Structure formats: structure tokens, C-alpha cells
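Visitor: Below is the sequence, then the predicted model.
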Amino acid sequence: MTNEPKKTVLGWTAQQQPQQPQPGHGYPPAHFEHHDTQPQATQLPEYLQPYAAPPSPYAQPQPQQPYVDPYAQQHHHPQHHPQQHQGYPQYQQQPVAPSYPQAPYPQQAHYGQVAPSYGYVQHAAAAAKAMEPQPSAKSSKSKPPKQGRSVAGADATAGVSHRVRFIRLTYLHLLLAILAFAGLEYLLLTNPTLVEKVSAPLFNFALAKRWNWAIVLGVFMAVSWVADYWASHATSRAMQYLGLGIYIVAEALIFVPLLTIVQIKTAAIIAKGGGDPNIIRDSAYVTLGIFGALTASVFISKKDFSFLRSGLVMASGAALMLILLSIAFGFNLGLVFSIAMVLLAAGYILYQTSQILAHYDPKQHVAAALALFSSVALMFWYVIRIFMRARE
């Protein structure tokens, strides 16, 4: 069969294929409505079937194939998806969407050309899927969770975790300081060499003259100030621990005269037929009990006792003046003064505990432990004096 028209019984029939419209030239959908005017083979009698032209490929629509509007793809917008047009031939330009990733084709079709015929449906579906809007990176559903991040490392709880660690280190160092103080006192009072070389000379010097005790107090205050400065302001961790260690040794030495007096009075009570008064043991229990109660009250109430600072400073100055006056004029500070000093030490414990909970730098656990230890030692000193007066 040639391309020349043939004459049949019913008239002339065009044998040549209709010209296919080229995609990408802006044809509206109505341009693709091809009406085959040639009679189909099924409409002719049997004796005319050999002369009938083969059926046109455009006569039978393929509704399952979607039609893509070339105008919609030129805008490159996620809303311009391929539109389905029933009854139109599936001439489709390859999707051009530079803003979205596309599935690779076996052969890239240029603008105005038809994509390869084999596997075309699969590639068109992949390209249409690639043009769908991608999930935003800011979406909480599409954003992958960060790995290896615990609740402790979160921004909202970072400061809390540092404060908790600081509090634990502070009270651990306080416990170690108390144990070191108790061990040093035991050695200074029981080791013969330390008793002969350190404790006895210090006791004799402190009680030999009235102003000697004032000298001992002055040296202790100077050493305490240096130790506290090193623990609070030194950037080196070794210097901070050195300040804490020096303060523990200074407290142990200044307690030697007082504890020596306790030993003398205990021996006198036992010699008179009385039992062991256990002044040091009971004083330690009472001091630790008061300290624990005050600490628990601050932790439970979460109250800030920073307002006590000015009152504590004035009370400390007044107490120091009374001590100096008692040394100068030779009068004894009685039981009321000892009770007042216990209350002053309790106020310091409240103030310093609230400072530890809210105001101390988390890196200053050594300085915080030194401050608490000084308050506990001050309370222990005057509780011992109260028990000595009560059990004479």
C-alpha cells in the first residue's frame, strides 16, 4: 500500500498518516482532539476490508495515560501537577523543573522533542513524583532528631545540671575537710611527737599571758584570710586546694588549746568519781545536727538568705570587739555570749547555703566548702564551751 490516495466504493481515502502535532509549541488541549474521518475497517463490508486503511493510533483514546499541560510546567510551581485529560493522545514534553530533583532518563529529551518510547510511562511517573513539593527542613516531622544529646545537655537544663554537680562537689569537699580536721586533731592530741613538738608549746604560749591569745587569734585570722583568698580568687585548682588545706591546718591548731582544756576538765571530773562527760563527742553530734537541720531548711524552702549579709557582718564585728575587750580587761565571756555565737554561726550557715544554691560560681566548689567549714568550726567551738560550762 502506497502513500497515494486510492479510490474505494465509498470515496477517496487518505492513506498517509495525519501530521502529529509537535509538543512544546503551545497547542491547547483542543488541538489534540483528532477525529478520524476515514471509515474504519470494522465499518466496511467484508469485500472492502482489504482496501480499508489501518486504524489510526489516535482514534482510540488512552484514558489511563495522564496528559501534562506544557504551560503548567513552564512556571516550575509545585501546584502545577500533570492534569489528566481523558481522550487525548499522550504527547508529553519531558518535565523541566530545575528547582526540583528529577529522575534520570535513559536519554535526555531536549525541549521540543519527544522522550524515548521504551519505559516512558515509568519515567514520566518518576518525574511527576520528583516535582511534588518536598517537606520543609523546618518541619518538626521531617527534621531528624539530634543524636547523642541527653536531657542533661539541653539548653534549658544545662545550668541546672552544672549547679547540681557544684552542690555535690561542695558538700563532698566539706565532708573531706571535716574528716581531715578530725584526723589532725586526733594526731595532735595523741601522737607523742606532735604533742611534744606542736601541741604542748602552742598550749603553753596561748595561756602564758593574756595578750598571747590575742596574738594567736590575729595569726589565725591572717592565715584564714590568705587561705580564703586563694580558694576564692586563684585560677589554678592547685592553689585553691592549697588554700583549703592551709585553712584546715589553721583550724586544727587553734582548736588545740581548747581541746586540751577539755581533756583536763574531763580528767578532773572522772577523778572526782563522775563518769566521762563526753564533751567533744556530744558537741560534735549537736553541731552536725544543727548544721543538717539548717541545710535541709534552706534546700526545702528554697529561700534566699542573702539579706542576712549586712547583719552578719555587723554581728561579727561586735563579737570581735567583745573578744578583744575581754582579753584587754580580763573578764570572762559567759554562757550567753557562747549561745549568741552559736546563733551567729547558724546565720552564716543559712547565708552560705543559700549562696551555694543560687549565687556561687559553679567552678568555686572549693571556696564554698571552705566557707561552710569555717561556719561549722565556729559553731563547734562555742558548742564545746556550752557543754564545758554545763558539765562542770
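Guide: Received it, and whenever you're ready, just let me know what you need. Residues are numbered from 1 along each chain as shown.

Visitor: alpha carbons only for contacts and neighbour counts from here, please
Guide: Noted.

Visitor: quick one: residue 364 and residue 280, what's the gap?
Guide: 31 Å (C-alpha to C-alpha, to the nearest Å).

Visitor: Next up, the contacts around residue 386.
Guide: The neighbours of residue 386, taking C-alpha atoms under 8 Å, 6 or more residues apart in numbering as the test, are 335, 338-339.

Visitor: Would you map the helices across the stretch 251-392 of the chain?
Guide: Listed from the start of the chain, the stretch 251-392 of the chain has helices (DSSP state H, counting those that start in this stretch) covering 279-301, 309-329, 335-358, 365-390.

Visitor: Just want the angle from the second one to helix 335-358.
Guide: For helix 309-329 and helix 335-358, the angle between their directions (axes from the mean of the first three to the mean of the last three C-alpha atoms, to 10 degrees) works out to 150 degrees.

Visitor: in helix 309-329, what's buried?
Guide: Buried residues in helix 309-329, counted by 16 or more other C-alpha atoms under 10 Å: 312, 319, 323, 327.

Visitor: of those, closest to residue 199?
Guide: Using C-alpha to C-alpha, residue 327 is the member of the buried residues of helix 309-329 that lies nearest residue 199, at 22.0 Å.

Visitor: Mind listing residues that contact stretch 202-211?
Guide: Judged by C-alpha under 8 Å, 6+ apart, the contacts made with stretch 202-211 from elsewhere in the structure are 212-213, 216, 256-257, 260, 327-328, 330.

Visitor: Buried ones among those?
Guide: Burial by neighbour count, judged by 16+ other C-alpha under 10 Å, picks out 213, 256-257, 327 from these.

Visitor: now those in a markdown table, with distance to residue 306 and pLDDT?
Guide: Shown next, in a markdown table, are the buried ones among the contacts of stretch 202-211 (distance: C-alpha to C-alpha, whole Å; pLDDT from 0 to 100):
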| residue | distance to residue 306 | pLDDT |
| --- | --- | --- |
| 213 | 33 | 90 |
| 256 | 33 | 94 |
| 257 | 34 | 93 |
| 327 | 33 | 88 |
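
Visitor: just the angle between the host helix or strand of residue 216 and helix 309-329, please?
Guide: Taking DSSP states H and E as the definition, one finds residue 216 inside helix 210-233. With the same axes, to 10 degrees defining the directions, helix 210-233 sits at 160 degrees from helix 309-329.

Visitor: Start the count at 28 instead of 1 going forward.
Guide: With the count now opening at 28, the last piece we talked about shows up as helix 237-260.

Visitor: For helix 237-260, C-alpha coordinates in CSV please.
Guide: Included here for helix 237-260 are C-alpha records, laid out as CSV according to Å, rounded to 0.1, in the frame of the first residue of the first chain:
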residue,chain,number,x,y,z
ARG,A,237,46.8,37.5,128.5
TRP,A,238,47.8,39.0,125.1
ASN,A,239,49.3,35.8,123.8
TRP,A,240,45.8,34.6,123.0
ALA,A,241,45.2,37.8,121.1
ILE,A,242,48.3,37.1,119.0
VAL,A,243,47.2,33.6,118.3
LEU,A,244,43.8,34.9,117.1
GLY,A,245,45.5,37.5,115.0
VAL,A,246,47.7,35.0,113.3
PHE,A,247,44.8,32.7,112.7
MET,A,248,42.7,35.5,111.2
ALA,A,249,45.6,36.5,108.8
VAL,A,250,46.1,32.9,107.7
SER,A,251,42.4,32.4,107.2
TRP,A,252,42.1,35.5,105.0
VAL,A,253,45.0,34.3,102.8
ALA,A,254,43.6,30.8,102.6
ASP,A,255,40.1,32.1,101.7
TYR,A,256,41.6,34.4,99.1
TRP,A,257,43.5,31.6,97.4
ALA,A,258,40.4,29.3,97.4
SER,A,259,38.1,32.1,96.0
HIS,A,260,40.3,34.0,93.6
